[in-house]
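*Asks:* how does the following fold in three dimensions:
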Amino acid sequence: MNAKRLERARRSVSLASSMILVAALGPAGLVACDSDATDDASTTGTGPGRCPPPSTSSGQGGGGEGGDATTTSSTTSTSSGGTEPVGSGNQNTGNNTHDHMNDPGESGQKDPFEILKERAEEGPAEIRSRLHGCTKLRYEAIGRLLSSRGVNLAATAPNGQPRTAGQLYNQGRDALGVARFDAREAEAYFHSTSGATKLFDIFIQAAPEVIANIQNVDACKLDGVGAPMFVEDQNGGPGTCNLQALSCVMGRPAKPEDKLLCDLMIAQTNGTPADTAKKRNIAVATFLSAAHTCE
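*Replies:* Predicted structure coming up:
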C-alpha cells in the first residue's frame, strides 16, 4: 500500500513539473521546428523555428551494389581566424591522423628473405653468433688484459706527448661505460661509438708496450718459455709474426690464416725502421681490436 502511494506521489510531482514548464515557455515554446520555415520566423517568434541541418548519410544497403556505405559527419568551431574543422568521420582526409600500415613490410620491418640473405653473407653460425651475441669487455677486464700483456697502466707521457695506454684507460671510464653506482647505473653491456673508439685508441697506444714485453709476461709463456711478438728477418726484411705471441694477443690459438694476415700487414712497410715499427704496432692493435670487440 505504501509503495502505491509513493508511486502516485511521484507521478503527481512529474505532472506538476510539466505544467510549470508549459506556463513558463508559453504556447510558442512547445511548437515543433519546421524544416521549411524561414530564418525570420525563428527570430521574431511568429512561427515555428527552422530546424538545424541533419547529419547526412548516403550509401547502399546490404542488398545494394557491393553493400558499401559511407557516413560522414563534421563539427566546426569558429575563432578569430575563421572556421576550423574539429573532427571528421573520414580518417583519410585528416592531416594529423596517424597512418597505420596494413603491410608489415611497410612499417620498417625487413622482408624475411632479405634477412636470410644478410645472414648468409655474414658467414656460418659461429661467426654470426660473435657478431650479434657477445657483449663488450668490462672495464676491469680490459685493465687486466692490458696488464697481463705487458702494459703499464700507471705510466704517464711527458708533456706535449700523446697519452699512454694507461692514461687513456684511467681517464676513459665514462666513455667505456663504467658503472656509476651513485646514479644507480650499471655498466654498459654493449659498445657505444665513443666507447669503441676509446678502446681502439687504447689498443694502438698499448701495442708498443705489448711488443716489447710480451716475451716476458707469465700469461704468454708456454711451458715457462716466452716468445717474441715478431721473428726478425736476418736479411733485413720486416720479419714475420710469431704464432705463440699472436695467440696470447688474441686469447685463443692462432691459426695459419691469422699469421698470414699479420705477415701481410707488416709487409706493407717501406723498409725504414720507423715505418716497420709503425706497421708492427698497427698489426698488434688490429688483432687486439678484432679479438676483443667481437669483430
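
*Asks:* ok, which stretches of the stretch 51-200 of the chain are strands?
*Replies:* Listed in chain order, the strands of the stretch 51-200 of the chain (DSSP state E, counting those that start in this stretch) span 57-59, 69-71, 74-79, 82-88.

*Asks:* what about the first one, average pLDDT?
*Replies:* Spelled out, it's strand 57-59. On average, the pLDDT along strand 57-59 is 46.

*Asks:* flag the shaky bits of the protein, pLDDT-wise.
*Replies:* Screening the chain residue by residue with the criterion pLDDT under 70, one finds the ranges 1-108, 130-133, 294-295.

*Asks:* quick one: the helices in the stretch 151-295 of the chain?
*Replies:* Listed from the start of the chain, the stretch 151-295 of the chain has helices (DSSP state H, counting those that start in this stretch) covering 165-171, 193-213, 243-250, 256-266, 273-292.

*Asks:* what about stretch 119-129, start to end distance?
*Replies:* 11 Å (CA to CA, to the nearest Å).

*Asks:* what about the residue lying closest to Tyr189 once chain neighbours are set aside, how many residues close to it?
*Replies:* The shortest distance from Tyr189 to any non-neighbouring residue, by CB to CB, 6 or more residues apart in numbering, is to Thr135 (4.6 Å). Quick note: C-beta positions are derived from backbone N, CA and C, even for glycine. Other residues near Thr135 come to 11 when the count uses other CB atoms under 10 Å.

*Asks:* what does Asn242 give?
*Replies:* Asn242: 20 surrounding residues under other CB under 10 Å.

*Asks:* residue contacts, it?
*Replies:* With contact taken as CB atoms under 8 Å, 6 or more residues apart in numbering, Asn242 is in contact with 227-231.

*Asks:* could you do Cys262 as well?
*Replies:* Under the criterion of CB under 8 Å, 6+ apart, the contact partners of Cys262 comprise 241, 246, 283, 287.

*Asks:* ditto for Ala245
*Replies:* Here Ala245 is in contact with 214-215, 220, 227-230 (criterion: CB under 8 Å, 6+ apart).

*Asks:* buried only: go through those for me.
*Replies:* If you count burial by 16 or more other CB atoms under 10 Å, the buried members of the contacts of Ala245 come out as 214-215, 220, 227-230.
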